[in-house]
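Enquirer: sharing a model prediction with you, sequence too.
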Amino acid sequence: MSGLQDELLRTLTKVAKALRAEGIPFALAGGCAVYARGGPSTEHDADILVREEDAAEAVRALVAVGMRAAEPPEDWLLKVYDGDLLVDLLYRPNELPVTTETLERAEELQVGSVVLPVMPATEVMIGKLLVLDGHRCDFSALLPFARALREQIDWEKVREATGHSPYAESFLLLVERLDIIAPESEPVRERTAS
């Protein structure tokens with residue numbers, strides 16, 4: 001594990017402690033959730049799901065423990081920094097609001113020295129696939145994730161949730177062709193005959 005990964009784990013510990021002290025429900029998502037579930041490590045940032053009504057209070061709680069707030073250009077998350085490490089507080093990723101029910105699907109897992117609520121691998125994969133578009137279509141981080149956590153992912157649910165995305169469809173075809181997952185058993189959406 002690298003020094004940057006150690007710093008990220010220390011940041012996650014600070015985040016968990018601060019949010020729990022204020023009674024703010026949250027869950028770990030993104031690359032850190034992949035790592036927590038046995039996937040490859042990430043050194044990018046920490047994605048934390050919070051409800052929109054808790055987002056501003058979450059920022060205040062993290063600033064109170066020494067982090068600094070940053071103004072994001074997006075309207076679906078807030079950002080704080082712990083030194084140089086970014087923590088994204090996502091309340092509407094992929095235009096889907098984070099709800100109490102969303103957070104209740106998280107499972108308590110050991111992440112470094114702290115136990116955190118971590119989103120299921122299926123939901124993390126869906127979120128990562130829904131981000132793909134013409135400007136962000138890099139499968140290089142998704143392939144190790146799919147390989148490492150393939151048994152934890154409900155691939156039929158992923159297909160259903162991402163069926164409208166040609167980018168997700170392309171990724172799913174790729175992981176099928178690489179024998180990472182089994183081929184689709186039935187079409188998710190009707191395809192018209194040519």
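Expert: Alright, I've got the coordinates. Bear in mind the structure is a predicted one, so any value in this text is a computation, not a measurement.

Enquirer: centroid residue for this protein?
Expert: By CA atoms, centre = their mean, the mean C-alpha position of the chain lies nearest to G30, the distance being 2.2 Å.

Enquirer: how close does the closest residue in space to it that isn't next to it in sequence get to H164?
Expert: The spatial neighbour of G30 that comes closest, neighbours along the chain excluded (CB to CB, 6 or more residues apart in numbering), is D47 at 3.1 Å. Heads up, the C-betas are built off the backbone N, CA and C, glycines and all. D47 is 23 Å from H164, where distance means CB to CB, to the nearest Å.

Enquirer: also T13?
Expert: From T13 across to H164, the span is 38 Å (CB to CB).

Enquirer: quick one: least confident helix or strand in the protein?
Expert: Between all helices and strands in the chain, the lowest mean by mean pLDDT, DSSP states H and E belongs to helix 3-21, at a mean of 92.

Enquirer: circling back: T13 and H164: who's more crowded?
Expert: Taking neighbours as other CB atoms under 10 Å, T13 and H164 compare with T13 leading, 15 against 10.

Enquirer: can you get me a residue count around the nearest residue to that one once chain neighbours are set aside?
Expert: Distance criterion CB to CB, 6+ apart; nearest residue to T13, sequence neighbours excluded, is V114 at 4.5 Å. Using other CB under 10 Å, V114 is surrounded by 16 other residues.

Enquirer: can you pull the contacts of V114?
Expert: Counting by CB atoms under 8 Å, 6 or more residues apart in numbering, V114 makes contact with 12-13, 16-17.

Enquirer: hey, what's it bridged with?
Expert: V111 (DSSP bridges).

Enquirer: show me this protein divided up by domain.
Expert: Residue ranges for the domains of the chain, per automatic domain parsing: 1-119, 120-194.

Enquirer: may I have the phi/psi pair for L116?
Expert: Main-chain dihedrals, L116, degrees, to the nearest 10: phi -130, psi 150.
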